[in-house]
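Undergrad: predicted model and sequence follow; I will ask about them next.
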Amino acid sequence: MTLIHTENLWKTYQMGSEEVHALRGVSISIEKGEYVAIMGPSGSGKSTLMNLIGCLDTPTQGAYTLNGRAVVDMDDNELANIRNREIGFVFQTFNLLPRATSLHNVELPLIYNGTPTREREEKAKRALAKVQLADRMSHKPSELSGGQRQRVAIARALVNDPSLILADEPTGNLDSKTSEEIMRLLDDLHHQGNTIITVTHESSIAKHAHRVLSILDGQIDTDERIPENERNGYH
């Protein structure tokens, strides 16, 4: 079943008197359960595409359907609801509240959508257990390593059982050993049935995915499947 479908997506910015086309007619389809990497150099349009897929921005023209719903027709409240319930975000900078415990950081999306306290706590505990952090629930970010902070961020992304996990340079602030641990965790989550899109400029990270979309000058340059024996997560 198709989860993401874009048709002729354009994103144009007005820079003074000049028009900058960050995306130029991007059409892609991503199925439920796929593991996709979006690659490209700085300025290629990959971050713009991620922002559109994540409903953080709206296209200048074109159509985007997420889980059967036309995103371009939605108002701000509907977009906020989609971001909260359908998409789990993982960012390079973790985006954790510094004074909150791991448990409270993971609970945040559930607080925003009004989930009752007891149910919220149970879901957050389950999500932390999934990322092997059940013993760090009461720790604040300053008491955790970089890899543990990213695991908390991944637990927060998982807590709503989203349709899609969107990871933007998820290992950008981590050393190579910790990066590998985080990517193995994403591999495991994909094996459990999650749809994952990572945005990266590193080929070693992209090779964990099963499909790589390369973007250049705002257009899809290549769309290729990675054979199982060439993937970095292959065991």
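TA: Good, I have the coordinates.

Undergrad: and the gap between E228 and G193?
TA: 18 Å (CB to CB, to the nearest Å). C-beta coordinates here come from the backbone N, C-alpha and C atoms, glycine included.

Undergrad: repeat for T65
TA: Separation of T65 from G193 (CB to CB): 21 Å.

Undergrad: neighbour-wise, which of the two wins?
TA: Taking neighbours as other CB atoms under 10 Å, T65 and G193 compare with T65 leading, 16 against 8.

Undergrad: tell me the SS of the more buried one?
TA: Taken by DSSP: H, G, I helix; E, B strand; the rest coil, the conformation at T65 corresponds to strand.

Undergrad: that one contacts L3, correct?
TA: No - between T65 and L3 no contact is recorded; they are 9.1 Å apart, counting by CB atoms under 8 Å.

Undergrad: the closest residue to S44 other than its chain neighbours bridge partners, please.
TA: Nearest non-adjacent residue to S44, counting by CB to CB, 6 or more residues apart in numbering: I215, 4.9 Å away. Beta-bridge partners of I215, counted by DSSP bridges, are I220.

Undergrad: so what's I215 up against?
TA: Applying CB atoms under 8 Å, 6 or more residues apart in numbering to I215 gives the contacts V26, I38, M39, G40, S44, G45, K46, L49, D221.

Undergrad: A157 now?
TA: If a contact means CB under 8 Å, 6+ apart, then A157 has G88, F89, V90, I165, L166, A167 as its contacts.

Undergrad: in helices, which of those residues appear?
TA: Applying DSSP state H to the contacts of A157, no entry is found in helices.

Undergrad: in stretch 2-14, what counts as buried?
TA: L3, I4, H5, T6, L9, W10, K11 (16 or more other CB atoms under 10 Å).

Undergrad: quickly name whichever of those is closest to D76.
TA: K11 (17.8 Å; CB to CB).

Undergrad: pretty sure that closest one sits against V20.
TA: No - applying CB under 8 Å, one finds K11 not in contact with V20, separated by 9.2 Å.

Undergrad: ok, which stretches of the chain are helices?
TA: Under DSSP H, the chain gives helices at 46-53, 76-85, 102-112, 117-130, 146-158, 176-191, 203-206.

Undergrad: Serialize these to a markdown table and add fields for mean pLDDT.
TA: Output for those, formatted as a markdown table (pLDDT from 0 to 100):
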| stretch | mean pLDDT |
| --- | --- |
| helix 46-53 | 94 |
| helix 76-85 | 90 |
| helix 102-112 | 94 |
| helix 117-130 | 95 |
| helix 146-158 | 94 |
| helix 176-191 | 90 |
| helix 203-206 | 89 |
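
Undergrad: of those helices, which is nearest T60?
TA: Smallest distance to T60 across the helices of the chain (CB to CB): 10.0 Å, for helix 46-53.

Undergrad: before we move on, the earlier item: of the contacts of A157, which belong to strands?
TA: G88, F89, V90, I165, L166, A167 (DSSP state E).

Undergrad: export those to JSON lines and tack on pLDDT?
TA: As requested, those are exported to JSON lines (pLDDT from 0 to 100):
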{"residue": "G88", "pLDDT": "93"}
{"residue": "F89", "pLDDT": "93"}
{"residue": "V90", "pLDDT": "92"}
{"residue": "I165", "pLDDT": "95"}
{"residue": "L166", "pLDDT": "95"}
{"residue": "A167", "pLDDT": "94"}
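
Undergrad: out of these, which is nearest to A127?
TA: G88 (9.6 Å).

Undergrad: who are the neighbours in contact with the residue nearest to E224 when sequence neighbours are not counted?
TA: Distance criterion CB to CB, 6+ apart; nearest residue to E224, sequence neighbours excluded, is V212 at 5.7 Å. V212 sits next to V36, A37, I38, M39, A206, T222, D223, E224, I226 when contact means CB under 8 Å, 6+ apart.
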